[in-house]
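Participant: Return atomic coordinates for the entry below.
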Amino acid sequence: MAGEAGGGKAALECCLEQYVTVHSIRYLPEPVLRRKAKRVPGAPQRDSKLQQLIDDMIESMDAARGVGLAAPQIGVSLRVIVIGIPDEEPFALINPEIVKVAGERQVDEGCLSVPGYHAEMVRHRLVVAKGLDREGKKVRIKARDTLLAQALEHEIDHINGTLYIDHLDSLDELQKVEPGEGISREATPR
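Facilitator: Residues are numbered from 1 along each chain as shown. Predicted coordinates for the structure are as follows:
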């Protein structure tokens, strides 16, 4: 019996792991999308609620087939973003900021918070961002001419209350996504 009790405890601990939650994406004109998000204080690695938020954001991003997600997009006004480039491990950045940009390039961009539309727009060729990873370590990310560069700009815009449509000269530049057309996950942040 003693052996069974020990095995039962291990089985119970296995089943008590935290579950992630898929959150609904917030759409325009939701006010949280237009506010500058608050900085995350303290040590992220010791904050179980922040760690759960990051897990939930990654799960929500994947469920929505997005390339990135900012906390305000699920109604949380904190400076946290997650990015999941296809075929790479998703990661989080806490209190991220762009420290350097250079050059320009045309990209096709869409957004989970502005569903059904996309537009050709200008983003930077080189993007250097810094922040904290989920363990609280300082990180610096340099991306050039990649989906990662575009996603960093797009998601950091979100935590500053800016959407990709704000970079357009006119909303007439928006193109409707036709049924069945979709936007390639590999081609644009959402």
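Participant: can we go C-alpha only for contacts and neighbour counts from here?
Facilitator: Will do.
Participant: Name the residues of the strand ranked longest in the chain that come out as buried.
Facilitator: Longest strand of the chain, by residue count under DSSP state E: strand 91-110. Neighbour counts over strand 91-110 (16 or more other C-alpha atoms under 10 Å) mark 91-98, 101, 107-110 as buried.
Participant: what residues does it touch?
Facilitator: Applying C-alpha atoms under 8 Å, 6 or more residues apart in numbering, the contact partners of strand 91-110 are 39-40, 54, 79-84, 117-134, 145, 153, 156, 164, 183, 187-190.
Participant: Out of the buried residues of strand 91-110, which comes closest to residue 28?
Facilitator: Closest approach to residue 28 among the buried residues of strand 91-110 (C-alpha to C-alpha): residue 110, at 13.2 Å.
Participant: mind checking how far the closest one is from residue 71?
Facilitator: In this view, residue 110 and residue 71 are 17 Å apart by C-alpha to C-alpha, to the nearest Å.
Participant: Then residue 162?
Facilitator: Distance from residue 162 to residue 71, by C-alpha to C-alpha: 13 Å.
Participant: Run a quick neighbour tally on the closest residue to residue 155 other than its chain neighbours.
Facilitator: Closest residue to residue 155 apart from its sequence neighbours, by C-alpha to C-alpha, 6 or more residues apart in numbering: residue 70 at 5.6 Å. For residue 70, the count of nearby residues is 29 (other C-alpha atoms under 10 Å).
Participant: Tell me the span between the first and last residue of stretch 19-30.
Facilitator: End-to-end for stretch 19-30, by C-alpha to C-alpha: 27 Å.
Participant: Tell me the buried residues in it?
Facilitator: 22, 23, 25, 26, 27.
Participant: And for stretch 142-156?
Facilitator: Neighbour-count burial for stretch 142-156, counted by 16+ other C-alpha under 10 Å, picks out 142-145, 147-156.
Participant: Redo the residues you listed as CSV? Include distance to residue 35, secondary structure and pLDDT.
Facilitator: Listed next are those as CSV, based on distance: C-alpha to C-alpha, whole Å; DSSP: H, G, I helix; E, B strand; the rest coil; pLDDT from 0 to 100:
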residue, distance to residue 35, secondary structure, pLDDT
142, 27, strand, 99
143, 26, strand, 98
144, 28, strand, 98
145, 29, coil, 97
147, 25, helix, 98
148, 24, helix, 98
149, 23, helix, 99
150, 21, helix, 98
151, 19, helix, 99
152, 18, helix, 99
153, 17, helix, 99
154, 15, helix, 99
155, 14, helix, 99
156, 13, helix, 99
